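Enquirer: Sequence first, predicted model second:
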Amino acid sequence: MGDEPRFVLERCEIRRAGPSFTLDTVCELQAAQPGAQWFLIVGQDQYAGLHTGATGASCSRG
């Protein structure tokens, strides 16, 4: 992240009790800043398993 001011290390998964899933994090970030544009950066090992997540799940939009 170094000197790039637009990159932020988000700690919501550390603060969340119990299991933490990518979709939970995405929903939390969207709720906190609805107009923001988010990018998820993952390694190849995590990318390979993304399709095994919650099928059909989405963040509710109020």
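Expert: Yep, it's here.
Enquirer: how about low-confidence regions in this protein?
Expert: 1, 53-56, 60-62 (pLDDT under 70).
Enquirer: quick check: longest helix of it.
Expert: helix 22-32 (DSSP state H).
Enquirer: And that one, how far out from the chain middle?
Expert: Offset of helix 22-32 from its chain centre (Cα atoms, centre = their mean, to the nearest Å): 6 Å.
Enquirer: Equivalent analysis for stretch 4-21, please.
Expert: Worked out by Cα atoms, centre = their mean, stretch 4-21 lies 8 Å from the chain centre.
Enquirer: Going forward, the N-terminal residue is numbered 218.
Expert: Sounds good: first residue 218 from here, last item stretch 221-238.
Enquirer: start to end distance for that stretch?
Expert: Terminal residues of stretch 221-238 lie 26 Å apart, using Cα to Cα, to the nearest Å.
Enquirer: cool, and stretch 223-243?
Expert: 17 Å.
Enquirer: same question, stretch 224-234
Expert: 25 Å.
Enquirer: which residues touch that stretch?
Expert: Under the criterion Cβ atoms under 8 Å, 6 or more residues apart in numbering, residues 218, 237, 241-242, 245-246 lie in contact with stretch 224-234. Backbone N, C-alpha and C define where each C-beta goes, glycine included.
Enquirer: Can you say which helix or strand has Phe224 in it?
Expert: Using DSSP states H and E, Phe224 maps to neither a helix nor a strand.
Enquirer: how near is it to Thr269?
Expert: 27 Å (Cβ to Cβ, to the nearest Å).
Enquirer: Between the two, which is the more surrounded one?
Expert: Counted by other Cβ atoms under 10 Å, Phe224 and Thr269 do not tie: Phe224 has more neighbours, with 10 against 7.
Enquirer: ok, the more buried one to Ser275 distance?
Expert: In terms of Cβ to Cβ, Phe224 sits 26 Å off from Ser275.
Enquirer: do the same with Pro236
Expert: From Pro236 to Ser275 the distance is 19 Å (Cβ to Cβ).
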